[in-house]
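Student: need a structure here:
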Amino acid sequence: MNKMKLLARTLTGIMLMGLGQSVLAHTRLDVPTQTEGTRLINNIVIGHSCSDTVRVIGTSVVFPNGLDSTILVDGQPHGGSLSDFLTNYGNNFQLLWNRGAFDAMAEKKDSNGNVVGFWVGGGPGMPSDLNVATPVRLTAAGIEPTSCAQNVKISVSIANICEITSVGDFGREGVVDLWTHNNLGTPYDRVSATDDGPASFTITRDLVTNPLPSSCGGTGVTVEVKPSAAQINRDMPVVIDGQQIWPLP
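Tutor: Modelled structure (predicted):
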């Protein structure tokens, strides 16, 4: 009897541990924080596939361009520009060539040549029971010395693709796993009660070399940067040689 109770408790513990891992198995950056002005080799880690039986065959990633992005200061909308808080934001992300899981890859660039995202796809992809890490180089922008910004959180939108379909099929299980905002009003919005989708890349202020101004009263503010709906609609699709490959038009 005691052995049966022990077995039951053990199985219950394993099930709960597995449940906890599945909840935490988001698609996130390997290192989510970085001190201003530093450079780091990082990874975007896919924690699970679109379902238990399908492979991830590609990923599409979008970084806020900082131009028409939504900026929040301690949760409140900011009417100014991102340059009020960051001195050199733009082209801070670079995809690194790696064919461990995907054979093809390319950066997405704006009209000025700045990288605003990337896509990877083809090849063996990621089995449903494993994880995959796509390496990127991140250069943290500097925090504007005259601002009260103590850290700046950049929301990174990610779509893990398991089947090439049109957006009308996104609601079908096993098609796509969206780690995006839930409230932008785009076809790529994550269906969620809370805005917990995007991965975050937080730039922290170096308080030794760049102390807060005295006008901040010793307390800094938290700045958040989210992409606009227009940018997501423009930059989330995978386009190769001028042809949109995903989602299907």
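
Student: contacts, neighbours, all on C-alpha from now
Tutor: Noted.

Student: in the protein, which spans are helices?
Tutor: With helices called from DSSP state H, the chain shows them at 2-24, 229-235.

Student: weakest of the ones you listed by average pLDDT?
Tutor: Mean pLDDT per stretch puts helix 2-24 lowest among the helices of the chain, at a mean of 40.

Student: what is the burial count for residue 169?
Tutor: Burial of residue 169 is recorded as 14 neighbouring residues (other C-alpha atoms under 10 Å).

Student: does it touch residue 187 like I think?
Tutor: No. Taking contacts as C-alpha atoms under 8 Å, residue 169 lies outside contact range of residue 187: 10.4 Å.

Student: distance of residue 189 from residue 246?
Tutor: Plainly put, residue 189 is 16 Å away from residue 246 if you go by C-alpha to C-alpha, to the nearest Å.

Student: now residue 107
Tutor: Residue 107 is 15 Å from residue 246, by C-alpha to C-alpha.

Student: try residue 113
Tutor: Distance from residue 113 to residue 246, by C-alpha to C-alpha: 22 Å.

Student: residue 231 too?
Tutor: Noted for residue 231: a distance of 16 Å to residue 246, by C-alpha to C-alpha.

Student: who does residue 222 form a beta bridge with?
Tutor: Counting by DSSP bridges, residue 222 is bridged to residue 151.

Student: count of neighbours near it?
Tutor: Residues within reach of residue 222, counting by other C-alpha under 10 Å, total 16.
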